[in-house]
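[1] Generate a structure from the sequence data that follows.
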Amino acid sequence: MKFIVKRSTMKGTAQIPGNKSASARAIVLGGLAEGVSRVSNPLPGIDSFSIVGMMRALGANINTSNPQEWVFEGVANQPRVPDCVLDAGNSGTGYYFLTAIASLIDGYSVISGDYQICRRPAQPLIDALNDLGAQVFSTRHTGVAPLVIKGVLQGGRTKLPGINSQWLSSLLIAGALSREGITVMEDNLMERPYVDMTMAWMKRASATCSHKNYAEFNVTGNQRYKAFTAHIPADWGSSGYPMIAAAITDSKVTFIGMDPDDFAGERRYPNILEEMGAKVSFSDDGHIVTVEGGSELRGIEINCSGTPDAVPILAVLGCKAKGKTVLHHIGSSRLKETDRTRSIKEELTKMGGKFEETPDSLTIYPCDLKGTHVDGRHDHRIVMATTVAGLTADGETEISDAEYCKISFPNFFELMTSLGGKIEFVAGK
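    Prediction:
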């Protein structure tokens, strides 16, 4: 599938779907807990259903028939040996979380996923789980999936590099059900908002976790997750695509149902746009955000340590700002479905973008973008970011792998076109 995109302006009101990361945590904890949990506004994305499938394989009964509220009958903190390979699909969160959860089982599990999952590094998590009493190994001895996991996770002390918060989050969730509890030493933890989100969801499910300045994390063992009722907030990460599209085109879009107190680091999007000179207004205590284009934007320096998924769309934003925009602490973005810093740089360069890249930064210079063929690289965030670039480019932009938007933003095409975006969704490569 592909998108064909033309220069556009947009106007209207946008309701952003539920948060992808929060939905993942709700699925895992609802599936583990004892009793019946109810979660409203879950994200019905491909990654969410991959995690649902894996939790079902561990014994959870999950009803997703009502798109407004999913109901979980958990495994009462005793996941069973799966009778099939745990298939993470394209979900990195699901892959890492279920690897740790499988280490709680007194038996063997195998976890794998699509070709991108089978390239994503897991050796630090493998080493940590082995430190804590599990037995985990890569079938290819390369630190990547497929992985074989044997429990039981006893507990103890271990350490992790801080570049990927998903490794830590998975240990925190599993650690609460370990026999002895765990202590994890972190080396320069990035993506801290995601860890805050994990700890908040654990608390919602009646488990506790503490940390010392994000350098040492402690989880008491033999805890029990209990049923909960929760609402998934709108996804700030997804809001960035139409929000930045509005700012860099002559558009005006109002976003409703946002949560200014959400854990997501991308809640900074409106503040970033304001600092760059865009016209942004807030109402209903910040739950309604309006972004209006037409203002001259200026380049700034942005710390992306808590928002690695934002790098592609911020690179598009930087192309339309006067002066240079510098994205710092982007190392985590290189460990996702693709090396997203390199991917967005190469694809926007085809459109006329000008960049300087280092291992931990991306500098973007102003440019006039031109339509061309773009490779979506089987990465939803590259597809959506380059679609936004196409809305401000001269000529026609053709973007492959358009169907991958459904991983995190199932109605991306419908929402963008309802606002006036000239985007055609067609079959073919």
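[2] which stretches of the stretch 301-429 of the chain have low pLDDT?
    In the predicted model, the stretch 301-429 of the chain carries pLDDT under 70 at residues 428-429.
[3] So which residues of it form strands?
    Applying DSSP state E, counting those that start in this stretch to the stretch 301-429 of the chain gives strands spanning 301-303, 325-328, 354-358, 361-365, 373-374, 396-400, 422-426.
[4] Nearest to R204 among the ones you listed would be which one?
    Closest to R204 of the strands of the stretch 301-429 of the chain is strand 301-303 (Cβ to Cβ; 28.3 Å). For every residue, glycine as well, the C-beta is placed using N, CA and C.
[5] which residues sit in contact with L273?
    Contact analysis of L273 by Cβ atoms under 8 Å, 6 or more residues apart in numbering lists 243-244, 247, 280, 291, 317.
[6] brain fart, Y269
    For Y269, the contacting residues are 236, 239-240, 243-244, 310, by Cβ under 8 Å, 6+ apart.
[7] now swap in D187 and tell me
    D187 sits next to 159-162 when contact means Cβ under 8 Å, 6+ apart.
[8] Ok, F72 next?
    Shown in contact with F72 (Cβ under 8 Å, 6+ apart): 27, 30-31, 33, 36-39, 60-63, 227.
[9] same thing but at 6 Å, please
    F72 makes contact with 30-31, 37, 62, according to Cβ atoms under 6 Å, 6 or more residues apart in numbering.
[10] Give me the pLDDT for it.
    Note for F72: predicted pLDDT of 98.
[11] I'd guess it is in a helix, am I close?
    No. Counting by DSSP: H, G, I helix; E, B strand; the rest coil, F72 is located in no helix; its state is strand.
[12] thinking again about what came up before, turn the contacts of L273 into a markdown table, columns for neighbour count, secondary structure and distance to S8.
    A markdown table is the format used below for those (neighbours: other Cβ atoms under 10 Å; DSSP: H, G, I helix; E, B strand; the rest coil; distance: Cβ to Cβ, whole Å):
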| residue | neighbour count | secondary structure | distance to S8 |
| --- | --- | --- | --- |
| M243 | 28 | helix | 15 |
| I244 | 27 | helix | 13 |
| A247 | 29 | helix | 14 |
| V280 | 21 | strand | 20 |
| V291 | 26 | strand | 15 |
| L317 | 31 | helix | 16 |
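[13] Between all of these, which two are separated the most?
    Going by Cβ to Cβ, the pair spanning those furthest: V280 and L317, at 13.1 Å.
[14] Pull the number of nearby residues for P312.
    A total of 32 residues lie near P312 under the criterion other Cβ atoms under 10 Å.
[15] likewise I46?
    With other Cβ under 10 Å as criterion, I46 counts 18.
[16] Equivalent analysis for T183, please.
    For T183, the tally of surrounding residues (other Cβ under 10 Å) stands at 16.
[17] Please identify the helix or strand for it.
    In the assignment (DSSP states H and E), T183 maps to strand 182-187.
[18] Pull the distance from that strand to the chain's centre.
    Strand 182-187 sits 23 Å away from the centroid of its parent chain (Cα atoms, centre = their mean, to the nearest Å).
[19] Check the average confidence over it, would you?
    On average, strand 182-187 scores 97.
[20] My guess is K320 contacts I248. True?
    Yes. The pair K320 / I248 is scored as a contact, 4.2 Å apart, by Cβ atoms under 6 Å.
[21] can I see the domain layout of this protein?
    Taking automatic domain parsing as the reference, the chain has its domains at 2-18+234-426, 20-231.
[22] what's the straight distance from one end of the longest one to the other?
    Distance between the boundary residues of domain 20-231 (Cα to Cα, to the nearest Å) amounts to 13 Å.
[23] Dump the strands of the stretch 301-429 of the chain into CSV; add distance to G151 as well.
    CSV is the format used below for the strands of the stretch 301-429 of the chain (distance: least, Cβ to Cβ, whole Å):
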stretch, distance to G151
strand 301-303, 39
strand 325-328, 40
strand 354-358, 41
strand 361-365, 41
strand 373-374, 44
strand 396-400, 41
strand 422-426, 45
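[24] can you tell me which of those comes nearest to I16?
    Shortest distance between I16 and those, using Cβ to Cβ, is found for strand 422-426: 17.2 Å.
[25] Please name the strands paired to that closest one in the sheet, noting orientation.
    Here strand 422-426 is paired, per DSSP bridges, with strand 2-6 (antiparallel).
[26] neighbouring contacts of the strand it pairs with?
    Applying Cβ under 6 Å, 6+ apart, the contact partners of strand 2-6 are 387, 390, 396-400, 402, 422-424, 426, 428.
[27] picking up where we left off before, need the max-distance pair from the contacts of Y269.
    The largest separation in the contacts of Y269, counting by Cβ to Cβ, is between W236 and I244 at 12.1 Å.
[28] which ones are touching A402?
    1-3, 383, 425.
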